[in-house]
Structure formats: structure tokens, C-alpha cells
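Asker: kindly generate the corresponding structure for this input.
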Amino acid sequence: MTEQGAAIVVKPGAVSLDDLARMLAGQSVVLDPSFWPRVEAAAEIVANAARADVPVYGINTGFGKLASKRIPPDQTALLQRNLIVSHCCGVGPATPEPIVRLMMALKIVSLGRGASGVRRELIEKLQAMLARRVYPLVPQQGSVGASGDLAPLAHMTAVMIGEGQAIVDGKTVSGSEALAVAGLAPLTLGPKEGLALINGTQFSTAYAVSGVLRAFRLARAALVTGALSVDAAMASTAPFRPEIQVLRGHPGQIAAAATLTALLDGSDIRSSHLEGDERVQDPYCLRCQPQVAGAALDLITQAARTLVVEANAVTDNPLVLVETGEIVSGGNFHAEPVAFAADAIALALSEIGAISERRIATLVDPALNFGLPPFLTPDPGINSGFMIAEVTAAALYAENKQRAAACSIDSTPTSANQEDHVSMAAHAARRLSDMADNLATILGIELLVAAQGITLRAPHATSAPLVAVIAALREQVPALGADRYMADDLAKAAALIETDALPATAIAALPADPFPRLG
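Answerer: Below you'll find the model as predicted:
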């Protein structure tokens, strides 16, 4: 990908995870000009089919269970318009604008491969809407992930034809008003174009891409909070030795152990109990961090690979084979790969939170924290310290555990049994946002608790990178003395986690970047 002005020039089939992150962050996209001839060739094949007497699904027939109904040529435009408005059945809260932007960009990528049979002007309309910040109002609920994300994508398409609603400058307006404000005219859909726009996995994929990017950031932050917890608990770093990890061989485990080792190198707390420590082994939540965090990293990495493939895919139906001139029905709209990826990300989010919550519980428990005061308050009894912060972490972990149940195995027949197996990818991906919010707060609580524990280990100090991390936290949240209103502290700590500030702060104090990378 290259940039042309403020827009990213996309080459369908070669869009990377970094490109997707930039789209999510707000950059508009335009199709690489070299793809226009193929787009136009496919559109011409569809136009010819629409004029012919041979029935071709979705071009001169009805849809789904109504595929046997022939549509005369003079009603093809009405057919496509009716398809869109009848499928605008989404309910629930509006999809966040970053997800809508990415969904629109992904649709440009998919249509730009020249296998969908849409005209150039349709893709250019999507490009113009992105560039002028016309974002359709897309309700979050209503897709079962096959035959594509029908309802969400119909709400997107409705604005293109002057129907539905859109968000312009933060205000909800009609689709026709949104286009007018942006200096755009409504599009009249040609043969197959409505079907090409609403068949596809772009809604589910956009949510899943957002989820995998957030999950990876949180996994990196969890390595920092986990390292802090090791020193706060005066735990051993021997389980992180590379020889142990290599003997198992999982890449994520090897990477996680290397990061933990680098973060803890030079800790005075660690050297202070190398001798005379009566403990033989630490609890699993401290000792098995490479195995758990590493497995989560591997799941996230595999999910990211799947989603990059899906982001570049043609997922509508039927498809136009330009080389042979054929129009062929298939099932690329079925979002099973996205559902599986989202389920894997959910498992990773849940388990990162599960082991973090156990570290929090260990640090506040005087029976387990190796000499620290109960709930890490300097004056227990009159003060409760982090007692209820730990309960909050447990509550959020329990929510995430319940949400981590696989969505992909929960199919239900729809559309008069024509679509008799569906992926449930949409809500598999949507739940990742709430799960990531919960995990950011769990890790924020661990950050507060572990930093407090290390402070109470004075005069012994932790390593240089972890000292820097605690200093960054103390700019936002002071150490806990007497009890105070805690909700603001939790919110500020969660914000530090979410912004990827902890790894960046640690890296600045290290000779090299020890953190795993995605993509």
C-alpha cells in the first residue's frame, strides 16, 4: 500500500494488518488504479447477463428462497433497491464510527478485486463517503454471519442510495441529507450491485480486526503488569529461563518469557531473596506466565493471520470469473473463518484476565504475598486498601469467562431453511469490544496493586524499566495511603493500559525492544 494525499491506496489481496489499523484509525482509502480494468470487465459481464434470457441468481432473479422468481430487465433497479430497504432490519445501539469506517474500507477492498460485477462509480461512491466522513448509522444487532452480514451492510448501502440514516459531524441525519451535505448524489443501483454490497463479512471482520488489535495491545501490557507482580510478590524469575521455553517450542511462550526476563533484569528486589527464601515454587499465576501469556499470543497471532486473509477476500455471491466470463454461485459469504478467529480472540482475552486476576488476589492476600500487609494498605483495619478493587477484577473476569463461550457452534436455520447453517460471526466479533474493556480494567487493577506492592518493598527497588513504568503511573495515580475514592484510580490505570503506554515506557528504559510483535 502507498498513500495518495490523505488516503491509503489499496491493492486488494495485499492489504496488511498495519494497513487495517490505519483504516481503523481514520484514514480513507482509494483503489489502486491498476484494478479498474478488471472491475469494469466484471461489471460488463453482469450487464450482459442482466439483458439475457438465461436466469442468473441475484441479477435477474429473486433472492434466497425466492431465487426461482424471474425479474424482467426493466425491474432490475427496483429489485436491487427493494433488496436494500427490506434488509435494513438492524436493531440495537449504533456501531462505533471506527468500525463503520473499517467496514466501508473493507467493502472497497473486496469489490475492488473485480469479481463482484459492480460498476466503478459504486466503489467511487464509497471512497467519496469515506473521504467526506459520511458514516452510515449501522445498528449493531441483526446479523447471523451468513448469507453475509446482511442487515448491517444493508444499513450501510441504504445511505449510498439516499435512504436510511447517517452520522455527519456527530449528528444523526437522513441518508439523503448526509449525501447532500457532502456534495454527493444518491446512487441508483445496477444489476447485482445491491447483492454485492450486502453479501459479505465486512461488518464481522471489522469488529474482529478491531478486537485482535486490542487483544494484542492488552497482551503486551499484561507482560508488564505480570512482571511487576513477580517483583511485588518477590517471586522467582528462574521459570522464565529460555532453556525451559525452548524445550517446549511454542513461539508465544518463548517470546513472553524473553519479555518478562528483560523487564525484570537488574531488579534489586529479585537479588535480595536469591538466598534464604524458604519458598520452593511460586503459584502458577506467577510461574506459568510464559505458558499462559504465550498461548494467548499464539492464538491472537493465528487469528490475525485469518483476519488479514478475510480482509482481502471476495465474500459476496454470485461471483464473476472474468477470465471465463462465467457468473458462479458459491458460499464465500459464510463467515465461519471470522467466527472461529473471534472465538479464539475471546479465549485469549478471557485467559489473560483470568491469570491477571489470580495475581491480584495473590498480592492482596497476606497468606500468599510474602510479608506484605493485608490488601496492601499501610494501616489495615481502619483502611480496606485494595480489597474491593480485587473483587471488581474478579467480577470482570467472570463476565469475560461467560462471554468466551464459543459463538461459532451456535447455528440456527434462517430464511425458510435456505440458509440452514450460519456462523454467528457478528456477535462473536462484537463481544470482543466489551471483553477488551473489561480486560483493560483488570490489568489496570493489577498495575495499581503490583506497583503498590513494589513500593512497600522499599528500600529494595525493582528494575529500571519497571521503575519507569511505576513513575508513569504515579504521574496519574499516587500510591495508596489512607483509603480514598478508588473509581478514578481504576479508570486512569485502565487508560494507561489501553493506550499501550506501559510497553513504550519500559522500552525507553531498555537497550532493545523485548516485546513480541504482531504481523
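
Asker: residue contacts, A425?
Answerer: For A425, the contacting residues are 143, 145-146, 149, 201, 204, 208, 335-336, 338-339, 342, 407-408, by CB atoms under 8 Å, 6 or more residues apart in numbering. Placement of C-beta: from N, CA and C, glycine included.

Asker: against L130, how distant is L218?
Answerer: 28 Å (CB to CB, to the nearest Å).

Asker: same drill for the two, tell me which one is more crowded.
Answerer: The neighbour comparison of L218 against L130 (other CB atoms under 10 Å) goes to L218, with 26 against 22.

Asker: if we ignore the residues flanking it in sequence, what's nearest that one?
Answerer: Spatial nearest neighbour of L218, chain neighbours left out: L439 (5.2 Å); criterion: CB to CB, 6 or more residues apart in numbering.

Asker: where does the residue nearest the centre of the chain land on pLDDT?
Answerer: Centroid-nearest residue in the chain: G211, 1.4 Å away (criterion: CA atoms, centre = their mean). We have a pLDDT of 98 for G211.

Asker: over to T2?
Answerer: So T2 comes in at 47 (pLDDT).

Asker: before we move on, what about N417?
Answerer: On the pLDDT scale, N417 gets 76.

Asker: can I assume it sits in a helix?
Answerer: No: under DSSP: H, G, I helix; E, B strand; the rest coil, N417 sits outside any helix and is assigned coil.

Asker: ok so, going back, any of the contacts of A425 buried? List them.
Answerer: 143, 145-146, 149, 201, 204, 208, 335-336, 338-339, 342, 407-408 (16 or more other CB atoms under 10 Å).

Asker: got a markdown table for those residues, with pLDDT and distance to L502 too?
Answerer: Output for the buried ones among the contacts of A425, formatted as a markdown table (pLDDT from 0 to 100; distance: CB to CB, whole Å):
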| residue | pLDDT | distance to L502 |
| --- | --- | --- |
| S143 | 93 | 35 |
| G145 | 89 | 35 |
| A146 | 85 | 39 |
| D149 | 96 | 35 |
| T201 | 97 | 33 |
| S204 | 98 | 30 |
| A208 | 98 | 25 |
| A335 | 93 | 34 |
| E336 | 95 | 35 |
| V338 | 97 | 30 |
| A339 | 97 | 31 |
| A342 | 98 | 26 |
| C407 | 94 | 30 |
| S408 | 94 | 32 |
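
Asker: the stretch 251-400 of the chain: helices as residue ranges?
Answerer: Listed from the start of the chain, the stretch 251-400 of the chain has helices (DSSP state H, counting those that start in this stretch) covering 251-264, 268-272, 284-287, 289-311, 336-364, 387-403.

Asker: now the last one: buried residues?
Answerer: Read that as helix 387-403. M387, A389, E390, T392, A393, A394, L396, Y397, E399, N400, K401, R403.

Asker: contacts for it, please.
Answerer: 346, 349-350, 353-354, 356-357, 360-361, 364, 375, 431, 434-435, 438-439, 441-442, 445-446, 448-449, 486, 490.

Asker: what angle separates it from helix 336-364?
Answerer: 160 degrees (axes from the mean of the first three to the mean of the last three CA atoms, to 10 degrees).

Asker: what separation do you get for the nearest residue to T306 once chain neighbours are set aside and I507?
Answerer: Excluding its sequence neighbours, the residue lying closest to T306 (CB to CB, 6+ apart) is A341, at 4.4 Å. From A341 across to I507, the span is 28 Å (CB to CB).

Asker: of those two, which one has the most company?
Answerer: A341 (31 against 16).

Asker: surely that one and V212 touch.
Answerer: Yes: A341 lies in contact with V212 (CB atoms under 8 Å); the separation is 7.3 Å.

Asker: overlap in contacts, these two.
Answerer: In contact with both A341 and V212: A303, L307, using CB under 8 Å, 6+ apart.

Asker: quick check on T414: phi, psi?
Answerer: Main-chain torsions, T414, degrees, to the nearest 10: phi -140, psi 170.

Asker: and for E275?
Answerer: As for E275, its main-chain torsions (degrees, to the nearest 10) stand at phi -120, psi 150.

Asker: can you report how many residues lie near it?
Answerer: With other CB under 10 Å as criterion, E275 counts 6.

Asker: where does the stretch 251-400 of the chain dip in pLDDT?
Answerer: Within the stretch 251-400 of the chain, no stretch has pLDDT under 70.

Asker: and the helices in the stretch 101-250 of the chain?
Answerer: Using DSSP H, counting those that start in this stretch, helices in the stretch 101-250 of the chain cover 120-131, 150-160, 175-181, 193-198, 202-232, 242-248.

Asker: return the most buried member of these.
Answerer: helix 193-198 (a mean of 30; mean count of other CB atoms under 10 Å).

Asker: and that helix, how far out from the chain's middle?
Answerer: Taking CA atoms, centre = their mean, to the nearest Å, the mean C-alpha location of helix 193-198 is offset from the chain mean by 25 Å.

Asker: same thing with stretch 244-259?
Answerer: 25 Å.

Asker: send me it as PDB with only the CA atoms.
Answerer: This file holds the C-alpha atoms of stretch 244-259, laid out as PDB (Å, rounded to 0.1, in the frame of the first residue of the first chain):
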ATOM      1  CA  ILE A 244      12.800 -24.200  29.600                       C
ATOM      2  CA  GLN A 245      10.800 -22.400  26.900                       C
ATOM      3  CA  VAL A 246      12.900 -23.800  24.000                       C
ATOM      4  CA  LEU A 247      12.300 -27.300  25.200                       C
ATOM      5  CA  ARG A 248       8.600 -26.800  24.600                       C
ATOM      6  CA  GLY A 249       9.000 -24.800  21.500                       C
ATOM      7  CA  HIS A 250       5.800 -22.600  21.300                       C
ATOM      8  CA  PRO A 251       6.800 -19.200  19.800                       C
ATOM      9  CA  GLY A 252       4.500 -17.200  22.000                       C
ATOM     10  CA  GLN A 253       5.800 -18.900  25.200                       C
ATOM     11  CA  ILE A 254       9.400 -18.200  24.100                       C
ATOM     12  CA  ALA A 255       8.600 -14.600  23.300                       C
ATOM     13  CA  ALA A 256       6.700 -14.000  26.600                       C
ATOM     14  CA  ALA A 257       9.500 -15.400  28.700                       C
ATOM     15  CA  ALA A 258      12.100 -13.300  27.000                       C
ATOM     16  CA  THR A 259      10.000 -10.200  27.600                       C
END
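
Asker: ok, and what's touching that stretch?
Answerer: 223, 227, 240-242, 289-291, 293-298, 301, 514-516.

Asker: now those: which count as buried?
Answerer: Here, 16+ other CB under 10 Å leaves 223, 227, 240, 289-291, 293-298, 301, 514-516 buried among the contacts of stretch 244-259.

Asker: of those, closest to E193?
Answerer: For the buried ones among the contacts of stretch 244-259, the closest approach to E193 (CB to CB) belongs to T301, at 36.5 Å.

Asker: quick check: the closest one touching L518?
Answerer: Yes: with contacts defined as CB under 8 Å, T301 counts as touching L518 at a distance of 6.3 Å.

Asker: and of the helices of the stretch 101-250 of the chain, who's closest to E475?
Answerer: If you check each of the helices of the stretch 101-250 of the chain against E475 by CB to CB, helix 202-232 wins as the nearest, at 15.9 Å.

Asker: for beta bridges, what are the partners of the closest residue to V173 other than its chain neighbours?
Answerer: Excluding the flanking residues, the one nearest V173 by CB to CB, 6+ apart is A166, at 6.0 Å. A166 forms beta bridges with P136, V173, as assigned by DSSP bridges.

Asker: residues contacting the residue lying closest to T95 once chain neighbours are set aside?
Answerer: What sits nearest to T95 in space, not counting adjacent residues and going by CB to CB, 6+ apart, is V138, at 4.3 Å. Contact partners of V138, counting by CB under 8 Å, 6+ apart, are G90, A94, T95, V100, M103, P152, H155, M156, F203.

Asker: start to end distance for stretch 309-316?
Answerer: Stretch 309-316 has an end-to-end distance of 15 Å (criterion: CA to CA, to the nearest Å).

Asker: low-confidence ranges in the stretch 1-150 of the chain?
Answerer: Checking the stretch 1-150 of the chain against pLDDT under 70 turns up 1-5, 64-65.
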